[in-house]
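In: Sequence and predicted structure are below.
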Amino acid sequence: MSGTAVARATLDATGSELRDLQVILRQTPKVASSGHFGSRLVFDTKGYLFVTLGDRQSRAQRGFAQDLSRGNGKVMRITTEGRPAPGNPTFSVPAAQPGIWSYGHRNPQGAALHPRTGELWISEHGPQGGDELNLVQAGKNYGWPLVSHGQEYGTPLGVGEGTARAGMEPPVSVWLTRDGTPHSGVLKSSMAPSGLAFYTGEMFPEFRGQIFSGALAGTALWRIELGGPDGRREVARERLLSQLGERIRDVRQGPDGWLYLLTDSGKLLRVVKGP
């Protein structure tokens, strides 16, 4: 049995030992599954902690992403002591777990704060196709598995009731295939987003305010440009560095203004401008 957990500790002055280790959040209940843990941590502008929790992958478990009494498929917002953060939404369901910020997620493996608004954005795996970029707002339902742009594995059958439903938040952006190409019939496997960062540096001024996402199955770095009247809509996207053939696990902006990528093959790559 397994589940995501978050712990806090103090790193000693030598940098060699963790002291006073304390678990502040456990995904409950634990289940017999080895997948879809979520596990992204982001501090908000008030010092509270967002934690993404996956749906635990199996058909027997995924429906609980809609169940507020269980930890499957949720985004939590807690204090550094593990208590529900002030300002969290309230739910009419008496058994709702404390600390829930949003629900109806599949497997969020990218999370970042918008540099101007402080809003949380996440990327999450779809099933066969249907990866999503979402603006995560308090108390909102993101639909999984009742609505999805993906398919049941090995079939052309959609998951749930369709791609939209009243009272459920649509994604800002969707990837139907791993490389963004058109499709017919059975979708190609998901691009599997992992790692998410808003770029705010000086080294790529033309990309300031844009989103960068890693891709695992899609082995690339995606650039997403936002725009529209509210600045919350995708207006362009570009697949980068696919020639490397690397599963990109995380994306971060360094203090030097360059982008850094962590790959599943154990590489730490710095993205700089060419000659």
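Out: All right, it came through fine.
In: now the helices for the stretch 51-200 of the chain?
Out: 59-62 (DSSP state H, counting those that start in this stretch).
In: Low-confidence ranges, it, go.
Out: Residues of the stretch 51-200 of the chain meeting the criterion pLDDT under 70: none.
In: Span of stretch 120-137 from start to end?
Out: Stretch 120-137 has its terminal residues 7 Å apart, counting by CA to CA, to the nearest Å.
In: buried sites along it?
Out: For stretch 120-137, a neighbour-count test (16 or more other CB atoms under 10 Å) marks 120-136 as buried. Quick note: C-beta positions are derived from backbone N, CA and C, even for glycine.
In: swap in stretch 32-45?
Out: Within stretch 32-45, the residues scored as buried using 16+ other CB under 10 Å are 33, 36-40, 42, 44.
In: got a list of contacts for that stretch?
Out: By CB atoms under 8 Å, 6 or more residues apart in numbering, the residues outside stretch 32-45 that reach it are 1-4, 6, 27, 49-58, 61, 77, 105-113, 118, 120, 122, 125.
In: And these, which of them are buried?
Out: Applying 16+ other CB under 10 Å to these, the neighbour count classes 3-4, 6, 27, 49-57, 61, 77, 105-113, 120, 122, 125 as buried.
In: among the contacts of stretch 32-45, which are in strands?
Out: Using DSSP state E, 6, 49-53, 77, 108-113, 120, 122 are the members of the contacts of stretch 32-45 that sit in strands.
In: Pretty sure residue 88 sits against residue 100.
Out: Yes - checked against CB atoms under 8 Å, the pair residue 88 and residue 100 is within contact range at 7.4 Å.
In: Mind checking which of the two has more residues around it?
Out: residue 100 (23 against 18; other CB atoms under 10 Å).
In: now that one, nearest residue through space, not along the chain?
Out: Distance criterion CB to CB, 6 or more residues apart in numbering; nearest residue to residue 100, sequence neighbours excluded, is residue 74 at 5.4 Å.
In: and what of residue 73?
Out: residue 65 (2.7 Å).
In: can you map out the strands along the stretch 101-250 of the chain?
Out: Assigned by DSSP state E, counting those that start in this stretch, the stretch 101-250 of the chain shows strands spanning 108-113, 120-124, 131-136, 173-175, 193-198, 211-215, 220-227, 233-240, 248-253.
In: could I get the ones you listed as TSV with distance to residue 21?
Out: Shown next, in TSV, are the strands of the stretch 101-250 of the chain (distance: least, CB to CB, whole Å):
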stretch	distance to residue 21
strand 108-113	23
strand 120-124	27
strand 131-136	29
strand 173-175	38
strand 193-198	26
strand 211-215	29
strand 220-227	34
strand 233-240	39
strand 248-253	23
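In: what does stretch 223-234 contact?
Out: Against stretch 223-234 from outside (CB under 8 Å, 6+ apart): 133, 135, 172-173, 207, 209-213, 235-238, 240.
In: what's the burial count for residue 46?
Out: If we define neighbours as other CB under 10 Å, then residue 46 has 11 of them.
In: How much space separates it from residue 118?
Out: Look at residue 46 and residue 118: by CB to CB, to the nearest Å, they are 9 Å apart.
In: Next: residue 202.
Out: Distance of residue 202 to residue 118, computed by CB to CB: 21 Å.
In: swap in residue 238?
Out: 26 Å.
In: next one: residue 266
Out: From residue 266 to residue 118 the distance is 33 Å (CB to CB).
In: Equivalent analysis for residue 138, please.
Out: Taking CB to CB, one finds residue 138 at 12 Å from residue 118.
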